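Novice: here are the coordinates; sequence isn't available:
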């Protein structure tokens, strides 16, 4: 397992859990782009894996007591909307 170059969802989870403050913000913004998603696809990640990685970023913002980035240029999705959909599915 490598958090220097995460490939699996588990490696991403370990890596993301180490991010806090400004570093989390910068990495979370960069992860929420089409370029990042396409890079994960090229590395062989499934759509489900990619969604899981983005959910992990959203959850880390909550754990770090930060508001998720909103309305950023080039944003792939809304972290708050993604987390809301996960919570609704968990409640079902």
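Specialist: Ah, there it is. Computed from a predicted model, the values in this text were never measured in an experiment.
Novice: Please make it C-alpha for all contacts and neighbour counts, starting now.
Specialist: Fine.
Novice: can you list the residues that contact the lowest-mean-pLDDT helix or strand in the chain?
Specialist: Ranking every helix and strand in the chain by mean pLDDT, DSSP states H and E puts helix 79-91 at the bottom, with a mean of 87. With CA atoms under 8 Å, 6 or more residues apart in numbering as the test, helix 79-91 has contacts from 54-55, 58-59, 68-70.
Novice: can I get the residues you listed in TSV with pLDDT and distance to residue 76?
Specialist: Below are the contacts of helix 79-91 laid out as TSV (pLDDT from 0 to 100; distance: CA to CA, whole Å):
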residue	pLDDT	distance to residue 76
54	97	10
55	97	13
58	97	13
59	97	17
68	91	13
69	89	11
70	86	11
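Novice: Would you format these as a markdown table with secondary structure and distance to residue 47 included?
Specialist: Below are the contacts of helix 79-91 laid out as a markdown table (DSSP: H, G, I helix; E, B strand; the rest coil; distance: CA to CA, whole Å):
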| residue | secondary structure | distance to residue 47 |
| --- | --- | --- |
| 54 | helix | 11 |
| 55 | helix | 12 |
| 58 | helix | 17 |
| 59 | helix | 18 |
| 68 | coil | 21 |
| 69 | coil | 22 |
| 70 | coil | 22 |
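Novice: Perfect, that will be all.
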